[in-house]
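Participant: Build me a model from this:
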Amino acid sequence: MQRDQIQTLEQSDADHRNLSNQERWLSMLGGALALGVGLRASKPAAAPMAALGTALLLRGASGYCPISDRLGRRSRSPNESGLLGNERIRLRQAITIDVPPIAVYRYWRDLEKLPEVLRHLRRVKMDNEISHWTANGPLGLEFNWDVVIREDHPGRRLAWQALGSPGHSGAITLRPRAGGHNTLLDVELEYRPPGGALGRTLCTRFGGFNNQQLAIDLAHLKQRIEHWHHGAPARARPPAGADVPDQGLGREPISPAHG
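Facilitator: The predicted structure is shown next:
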């Protein structure tokens, strides 16, 4: 997929939410009532009411209604923020890894490996220049988005952005240490949970992703990369100057004009 096609996708999917804040609150209130009735109802009615309540709660929390979408109905105004404001979660952690920067880059650049070490990710699937990410949310919820690489400088920096979601992005910066034998890996992540301040509280305290979890995951990543680099047979490791397989992404270093 070419860059102009990617930009078209971003413009056409600028924001999937199609419900106004008022409609979202009403949906969540109705969902809570239906769920409460379902929990108290007898067996024949319990399951349908509980399912209805859950669906309404998810509808209100996400701000998206597939039925309204199919009918072309959109009650949300273009400048309307989240339920309780435009809340973003910004995470940043750094760790020193006992391998050269290009080795850290090669490991991270194989995006489908990331769920092995970043435990908030369930899976990452490649599709040409776009990757499909699925992440764990609070209370067992699941979030999905499509990601495009924004910057790709082997051994130095890799940055990505979710299509149509300006609040979802990330970057790694690699700095050589110990004469280039070690790497200082600096990871920056940003995401915008649905539900404003309420969503932020759920994501940071009840099963979401936070700085403490990122630090634990990076410690796990350090172990995996060092084992992969030092423990693999020499013939299995690419030579220092070898090209990195692009997996359909980053066929050439990418750096947008504004970056």
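Participant: helices and strands of this structure: which one has the lowest mean pLDDT?
Facilitator: Sorted by mean pLDDT, DSSP states H and E, the helices and strands of the chain end with helix 3-12, the least confident at a mean of 42.
Participant: On the C-terminal side of that helix, identify the next helix or strand.
Facilitator: Using DSSP states H and E, the helix or strand that directly follows helix 3-12 along the chain is helix 21-40.
Participant: quick one, strands of the stretch 151-259 of the chain?
Facilitator: Along the stretch 151-259 of the chain, counting by DSSP state E, counting those that start in this stretch, strands occupy 157-162, 169-177, 182-191.
Participant: what are the C-alpha coordinates of the shortest one, in PDB please?
Facilitator: Only the C-alpha atoms of strand 157-162 are listed here, as PDB (Å, rounded to 0.1, in the frame of the first residue of the first chain):
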ATOM      1  CA  ARG A 157      14.600   4.900  15.900                       C
ATOM      2  CA  LEU A 158      11.200   3.300  15.100                       C
ATOM      3  CA  ALA A 159       7.900   5.200  15.500                       C
ATOM      4  CA  TRP A 160       4.400   4.100  14.700                       C
ATOM      5  CA  GLN A 161       0.900   5.600  14.600                       C
ATOM      6  CA  ALA A 162      -2.600   4.100  14.700                       C
END
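Participant: Pretty sure Glu116 sits against Arg224.
Facilitator: Yes - look at Glu116 against Arg224 with CB atoms under 8 Å: they come within range, at 7.0 Å. Quick note: C-beta positions are derived from backbone N, CA and C, even for glycine.
Participant: how does this protein divide into domains?
Facilitator: As given by automatic domain parsing, the domain ranges for the chain are 18-71, 89-236.
Participant: can you give me the end-to-end distance of the shortest one?
Facilitator: Counting by CA to CA, to the nearest Å, the length from the leading to the trailing residue of domain 18-71 is 11 Å.
Participant: Report the rounded mean pLDDT for that domain.
Facilitator: Domain 18-71 shows a mean pLDDT of 83.
Participant: cool, the longest one as well?
Facilitator: Averaged across domain 89-236, pLDDT comes to 83.
Participant: residues contacting the residue lying closest to Glu142 once chain neighbours are set aside?
Facilitator: Spatial nearest neighbour of Glu142, excluding adjacent residues (CB to CB, 6 or more residues apart in numbering): Thr134 at 6.2 Å. By CB atoms under 8 Å, 6 or more residues apart in numbering, the residues touching Thr134 are 121-124, 142-144.
Participant: Which secondary structure element is home to Thr134?
Facilitator: Following DSSP H and E, one finds Thr134 within strand 130-136.
Participant: next one: Lys125
Facilitator: Secondary structure assigned from DSSP H and E places Lys125 in strand 121-127.
Participant: What is the burial count for the residue nearest to Pro101 when sequence neighbours are not counted?
Facilitator: Closest residue to Pro101 apart from its sequence neighbours, by CB to CB, 6+ apart: Leu174 at 4.0 Å. Neighbour count for Leu174, taken as other CB atoms under 10 Å: 22.
Participant: roughly how far apart are Leu174 and Glu112?
Facilitator: Separation of Leu174 from Glu112 (CB to CB, to the nearest Å): 20 Å.
Participant: Please confirm that Ser75 is located within a helix.
Facilitator: No - the assignment for Ser75, made by DSSP: H, G, I helix; E, B strand; the rest coil, is coil rather than a helix.
Participant: Now do the phi/psi pair for the closest residue to it other than its chain neighbours.
Facilitator: Spatial nearest neighbour of Ser75, excluding adjacent residues (CB to CB, 6+ apart): Ser20 at 4.2 Å. Here is the backbone geometry of Ser20 (degrees, to the nearest 10): phi -70, psi 160.
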